[in-house]
Each structure stands twice: as structure tokens, then as C-alpha cells.
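Asks: Predicted coordinates and the sequence they were generated for:
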Amino acid sequence: MESWKFRRQHPIGPFFADFACVEPGLGIELDGGQHAEAEAQDARRQRFMQEEGFRTLRFWTTTC
């Protein structure tokens, strides 16, 4: 894990992961208040990222 490199705003197909570590296929999404209104878009992004081999972790900015 020490050698993992995280990239900010990394493109995955037509979407961007807030942070991504390509080697293990890990995406990290930080959701704020605006994301409560964009659930359908978030679900599409999550499905696409999973199909591309990425596991996505989501964190609400209010809990960070």
C-alpha cells in the first residue's frame, strides 16, 4: 500500500473520480450537500466504475 499512488479528479470513462488509485482499482468519492440531489447521476457513475473494475468508497463531507 505504501507504493499506491492516488490521483485527484481521475477520468474513468466519461466520469471523474474525486480520487483514484488505479493499480488496485480503488475510487474515492466525497459527497457534499449537492450530491443528495444528484443520486441518479451518482448511481450511474458508480455502476460504470464497477464495470471498469473500480471499487468505490463514498464519504459524506459532513462526516470527514
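Replies: Nice, thanks for sending it over.
Asks: since we're on Arg45, how many residues are nearby?
Replies: Using other Cβ atoms under 10 Å, Arg45 has 20 other residues around it. To be clear about C-beta, it is placed using only N, CA and C from the backbone, and glycine gets the same treatment.
Asks: ok, now Arg55?
Replies: 11.
Asks: mind checking pLDDT for it?
Replies: Note for Arg55: predicted pLDDT of 96.
Asks: before we move on, what about Thr62?
Replies: Reading off the model, Thr62 has pLDDT 75.
Asks: Quick check, Leu26 in contact with Ala20.
Replies: Yes. Here Leu26 reaches Ala20: they are 6.8 Å apart, a contact under Cβ atoms under 8 Å.
Asks: Tell me which of the two has more neighbours.
Replies: Set Leu26 next to Ala20 and count neighbours by other Cβ under 10 Å: Ala20 wins out with 24 against 17.
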